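Colleague: Provided below for reference: sequence and predicted model.
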Amino acid sequence: MTVLLLIVLLPLAGFLLNAFWGKRLPKVVSGWLASAVVFVSFVLSAYYFAGFVSGTQTKIDADIYRWIQFGDLFIGFGFLLDQLSAIWLMVVTGIGFLIHVYSISYMHDDERFAQFFSYLNLFIFFMLLLVLGNNLLVTFIGWEGVGLCSYLLIGFWFKNQDYNNAAKKAFVMNRIGDLGFLFGMFILLTHTGTLHFSNLASIQPGVLPKWILVAVTALLFIGATGKSAQIPLYTWLPDAMAGPTPVSALIHAATMVTAGIYLVARTGFLYAQAPETLTAVASIGAATAILAATIGVFQNDIKKVLAYSTVSQLGLMFVALGVGAYVSAVFHVVTHAFFKACLFLGSGSVIHALHGEQDIRRMGGLKKYMPVTYWTFLISSLAISGIFPFSGFFSKDEILAAAFAHHKILWVIAMLTSLLTAFYMFRLLFLTFTGEFRGTEEQRHHLHESPPLITIPLIILSALATVGGVLGLPEFLGFHHWLKNFLSPVVAKSGAHAHALSHSTELALMGGALAGAIVSIAYSYILFVRGGALPVPEGEEKGITRLVYHKYYVDEIYEKIIVQPVMFLSDIAYRLLDRRVIDGLVNTSGRLSMIAGGQIRKLQTGYIGYYMMFMVLSLVAVFVYALLIRL
Amino acid sequence: MLLHTTLFLPLAFALLSYLSGNRFSRIVSFVGSLLTLTSGVLLWYTFRKGGYEAIQISKAWISSPAISYALLLDGLSMALVGLTVVLVPLIILTTFKREVKRPAVFYGLLLLMQFGMLGVFVASDGFLYYIFWELALIPIYFIALIWGEGQDVSFRQRAIFKFFVYTLAGSLFMLIGFIYLYQHTGTFALQGLYQSKLDKAEQLWLFWAFFAAYAIKIPVFPFHTWQPDTYREAPGPGTMLLSGIMLKMGLYSMMRWLLPVLPQGVEFWTPYVIVLCVVGVIYGSVIAIRQDDLKKLFAYSSFAHVGLIAAGIFTLTREGMQGAVVQMIAHGVNVVALFFAAEIILQRTGTLNIARLGGIRHIAPRFATALMITVLASVALPGTNAFIGEFLLLVSAYTYNKWLAAAAGLTVILGAVYMLRMYQRVMLGDTTADTNNFTDLGKTETIVFAVIIVFIFLFGLFPSPILNMLENSVDMILALSFRTAL
Amino acid sequence: MALLSIFQTVPVHYYLVVSAMLFCIGVLGVLYRRNAIIIFMSIELMLNAVNLLLVAFSAYHNDSGGQVFVFFVMAVAAAEVAVGLAILVAIFRNVHAVDIDELKNLKW
């Protein structure tokens, strides 16, 4: 337990050190300090992970202290470490460490270097809290905490109000999802009295009414759509590319955005009892996957392409969750973390070399200037496209097979998505690295391969992207699916997906997917290398291209139907309702008493004669009254 | 004994700091508030050692009508006494860097107000309570009127006068309620009123006599229109006193003097009141989005937050009550920090207009961090004090009615919208002509923010001291609120 | 004794009529005259009407309490005149008039 606590607290300590004294430390020290704490966390995580692998480590589930307790309400603050959280632990600390190291070089010119690293450490801290929480509320601390770090890091260069807008958008959209998460917790808390995963898991199926299960899972899934950028809350992620590139790699590709997958996998026992929600999860995942993939085809910003690719891949993972293939989803999370982090870091290397240029229309021919970046980028692109024997091939194939077994339409969509993925990834690769350089002379003059601190993480990640597939070799070919066995104690209860497919079908699917990907890549090659095609300049898109290029105008629609009405309502409520109507009523009542006083005071003329007259008359009236009573 | 010292030290030091003259009044009042804080902490310590057993004092005062000098300190009172004794030194500390005209009077009034508010939180005789209730209003009227900072003096006079008359009018309804209660029960004592046997028709209108006073003070929608202008026009410390402590008098009184005394009236009116509160939550949040004046924005945000607290109280659930008190304390601390930030901005730039601000984070990183943390606490990020309260309050709202809770839950989103919007426009981007020469936090200012930030995380991660302390009181209030009429 | 008998021989309702008339003259004087000094005199007239009545009833009932009251009234009246005339003098110094139509600032 102490060690586990250390894993979580080390990044926090790193954050505090860099936040308070970072400015006074030399950049090298503060950068390496931040990396070191994450590295130690990684080593400790690896210790646990190795324990789980060898079977010596058992599940840890303990409260550290009583957080909220009165009456019969009890919510502890505690950690849960099992195989599922161990995997995330490894990904978060491992890739986190590589990206820290990368950032030392990438951010070395930034004057707020230490602050950047403190935020990164804080992010790791919250992410670990999210993954290790033994009840939903502790997870929720991490959940909102990573959202906060995302906000801080997207808007890291806060002088640019566009970046700040992107940061705010990310935070608010996440908050919309978080409201769903919160209400899911409210329902669970009121109807089961607990938020602890182990207690919830021990509730027998059939005890909870159906509507509760469906409502809870649906609400938690709304939370997941916010964090993992699914329809309808996905639009923040492409904008989030405003942040420094290591941030995009760490938060918006490898770790934070997979929190939604983690949540669904973690509460899989609830989802298993609510097939309606699972259908919704699969449908939304599929819709997001294909939507984002089509948008990705027409984007010209190197990071935006990757962002839409991330949204699309996350959609695929939700498809896997929706069809009950939790292991495949987790598998894809891991491999995706490898190759997508590598791709983002590679794009960062390119941007770095071009001094901030992100438009692929002004790149090209970088292969000969930056070979390491090129080769790692190529490997990762092959992996994400699902080319044998790279890792993406195995994980994506599992998802496709699971989708096929569940519903053919899901499979068609997932298949289309992966074809599009292969196409736009290689469009990106070809436009960036092959052909002639299309930038300015000055940029060409400064072109250079990035320093080792940047290339070494790239190499490590591309190596992982290459061999990551061994975690889950296909079972139907007689291999040992290591990940499935590893996760079996955790996800067994969630009604693990039964492969009802015959060997030949699986083999055919696999071959089909591979062939499709190769054809896509070939088409891309023909278009962009042979044909030398270039994306049209800004504003000259036509017809459907224009629609897709503008991301189906979803942002504009949201602006029109949500943001503007709320703003309008705010103005109306303030100016009309508050100032005129309600305050008007208050002021009117005040004014009425003033008017009444004004009228009555006219009786007081100031002439003594009148006063004496009134006096006499009232006396007479009193006497007459007394007399009348007497009579 | 400690209860008396805690209560009367502010009065004594109010006189002392008035008599000590303009040169020393600030330090005298600060020392006084620190002594009160010490006494309050000791009081809490003994209270805790006594197993949270309520401390009661009662001495006959006036025989006819039967009025006694009666004090009661239970968990609920202790929580709010604690809030008061902690906030007042901080509020005095916020004035250290600014010029205050006629300081002797100012600090005297400030401590006098603390005396009044403390009295409200511990009095257990209706008449005594009413005296303290009104006593707390008078100093803040003068503070707001004389030390207010708005450019437009006649507007300020009208706004403050409206605040005074409005809240006083509400209090008079309460006075009528007390007189009626006295005539029908023969006592002003809290315990006596708890055993009152009023029929339903009486309770139905008596409810409004009390509720009017509290609803205006808190304020609950639609009795809130005095609030934005008053907060805007009052000087920084005055706004902090008003929003940090004084409005909790209304919330506290609901739990102490309304729910347990008039259970049937409460039962009947609860649905309407909760709807009003929830409407206020959304209404305040929506309006806050487009506010261009920093203090008004905070005022509407505070209005939205207290609406949720009031709704939680009226759900008559354990979560609601516990959450309400936790949130009162959290809100008190956080809103003081927010208004202090507004005060700092006003003192340095001379404006509260958000459109004229910007880029402060670049030149004042310490201030930016402090405000960021306060903003996060205010939007109830988990781990901060407000999250515990908001979570419990929303749970209680959910148990009362799902859809009302869903509506109230919108504050989670809207709060993020207006707070981040504010932060972005005030702190981020490029500096403007008004913010070019912004200086970072000084020593006393850093201390104030540091203390508040410690509170934010302390109670966010370890709320159990408050929760445990409240358990007895909440149980009692709930038991009394559900007693059926005889 | 002789004086007392005179009082007693005259029927009491004569006194009533006379004092009522005196009082009405006083009231009308207060209401109709504009000169503050004359108003004062009218007030004195009313007081004396009451005094006459008090003395008459005192004799009628053979109770000296009424006469004691008369002394009180006279003492108070003297004091009142002293204060009142002083006020009048003060007003006269300010506005150079003792006409009550000129004194119309007694409002609000």
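Modeller: Yep, that arrived. Predicted model, so just to flag it, every value in this text is computed and none were measured.
Colleague: For B:Gly150, see how far away the residue in the stretch 351-486 of chain B that chain C sits nearest to is.
Modeller: Residue of the stretch 351-486 of chain B nearest chain C, by CB to the nearest CB: B:Leu352 (38.6 Å). In short, each C-beta sits where N, CA and C put it, glycine included. Here the criterion is CB to CB, to the nearest Å. By it, B:Leu352 lies 10 Å from B:Gly150.
Colleague: Without its sequence neighbours, what residue ends up closest to the residue of the stretch 1-150 of chain A found nearest chain C?
Modeller: With CB to the nearest CB, the shortest gap between the stretch 1-150 of chain A and chain C falls at A:Phe70, namely 60.3 Å. Nearest residue to A:Phe70, sequence neighbours excluded (CB to CB, 6 or more residues apart in numbering or on different chains): B:Leu467, at 4.7 Å.
Colleague: Now do the SS call for the one you found.
Modeller: Using DSSP: H, G, I helix; E, B strand; the rest coil, the structure places B:Leu467 in helix.
Colleague: Excluding chain neighbours, what is closest to the residue of the stretch 351-486 of chain B closest to chain C?
Modeller: Leaving out its chain neighbours, the residue that sits closest to B:Leu352 by CB to CB, 6+ apart is B:Leu294, at 4.4 Å.
Colleague: burial of the one you found, as a residue count?
Modeller: 24 (other CB atoms under 10 Å in any protein chain shown).
Colleague: Check B:Ser63 too.
Modeller: 8.
Colleague: Can you give me the buried ones in the lengthiest strand in chain A?
Modeller: Using DSSP state E to define each element, chain A has its longest strand at strand A:60-70. Residues of strand A:60-70 classed as buried by neighbour count (16 or more other CB atoms under 10 Å in any protein chain shown): A:60, A:63, A:67-70.
Colleague: After that strand, heading C-terminal, what element do we hit next?
Modeller: The helix or strand immediately downstream of strand A:60-70 is strand A:73-81, counting by DSSP states H and E.
Colleague: tell me what that following strand is packed against?
Modeller: Identification of packing neighbours for strand A:73-81 by 3 or more CB pairs under 8 Å, 6 or more residues apart in numbering or on different chains; DSSP states H and E yields helix A:2-21, strand A:60-70, helix A:113-132, helix A:136-154.
Colleague: the more surrounded of B:Leu352 and B:Gly150?
Modeller: Using other CB under 10 Å as the criterion, B:Leu352 and B:Gly150 rank with B:Leu352 on top: 22 against 18.
Colleague: surely A:Gly94 meets A:Ser41?
Modeller: No. If you go by CB atoms under 8 Å, A:Gly94 and A:Ser41 don't touch, sitting 9.6 Å apart.
Colleague: Just want to know which of the two has more residues nearby.
Modeller: A:Ser41 (27 against 24).
Colleague: Check the secondary structure at that one for me.
Modeller: A:Ser41 ends up helix, using three-state DSSP.
Colleague: Can you give me the distance of it to chain B?
Modeller: A:Ser41 sits 19 Å away from chain B, going by CB to the nearest CB, to the nearest Å.
Colleague: And for A:Ile544?
Modeller: Distance, A:Ile544 to chain B, by CB to the nearest CB: 34 Å.
Colleague: If I look at the residue of the stretch 1-150 of chain A closest to chain C, what pLDDT would I see?
Modeller: pLDDT recorded at A:Phe70 is 87.
Colleague: so who does it touch?
Modeller: With contact taken as CB atoms under 8 Å, 6 or more residues apart in numbering or on different chains, A:Phe70 is in contact with B:318, B:322, B:467-468, B:470-471, B:474.
Colleague: what about 6 Å?
Modeller: B:322, B:467, B:471 (CB atoms under 6 Å, 6 or more residues apart in numbering or on different chains).
Colleague: Is the residue nearest to the last one when sequence neighbours are not counted bridged to anything, and to what?
Modeller: Taking CB to CB, 6+ apart, and ignoring the residues beside it in sequence, B:Glu471 has A:Phe70 as its nearest neighbour in space, at 5.5 Å. Beta-bridge pairing of A:Phe70, defined through DSSP bridges, involves A:Leu73.
Colleague: Export only the CA atoms of the helix or strand where B:Tyr18 lies, formatted as PDB.
Modeller: B:Tyr18 is part of helix B:2-19, with elements assigned from DSSP H and E. Taking C-alpha atoms only, helix B:2-19 is exported to PDB below (Å, rounded to 0.1, in the frame of the first residue of the first chain):
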ATOM      1  CA  LEU B   2     -15.200  30.400  26.400                       C
ATOM      2  CA  LEU B   3     -18.600  30.900  24.800                       C
ATOM      3  CA  HIS B   4     -18.900  34.200  26.500                       C
ATOM      4  CA  THR B   5     -15.400  35.400  25.700                       C
ATOM      5  CA  THR B   6     -15.800  34.400  22.100                       C
ATOM      6  CA  LEU B   7     -19.100  36.300  21.900                       C
ATOM      7  CA  PHE B   8     -18.000  39.400  23.800                       C
ATOM      8  CA  LEU B   9     -14.400  39.900  22.800                       C
ATOM      9  CA  PRO B  10     -15.500  41.500  19.500                       C
ATOM     10  CA  LEU B  11     -17.700  43.900  21.400                       C
ATOM     11  CA  ALA B  12     -15.000  44.800  23.800                       C
ATOM     12  CA  PHE B  13     -12.500  45.300  21.000                       C
ATOM     13  CA  ALA B  14     -15.000  47.200  18.900                       C
ATOM     14  CA  LEU B  15     -15.000  49.800  21.700                       C
ATOM     15  CA  LEU B  16     -11.300  49.600  22.200                       C
ATOM     16  CA  SER B  17     -10.400  50.000  18.600                       C
ATOM     17  CA  TYR B  18     -12.800  53.000  18.400                       C
ATOM     18  CA  LEU B  19     -11.200  54.500  21.400                       C
END
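Colleague: May I see the buried residues of it?
Modeller: B:2-3, B:5-7, B:9-11, B:13-14, B:16-18.
Colleague: Give the next helix or strand downstream of it.
Modeller: Sequence-wise, the next helix or strand downstream of helix B:2-19 (DSSP H and E) is helix B:21-49.
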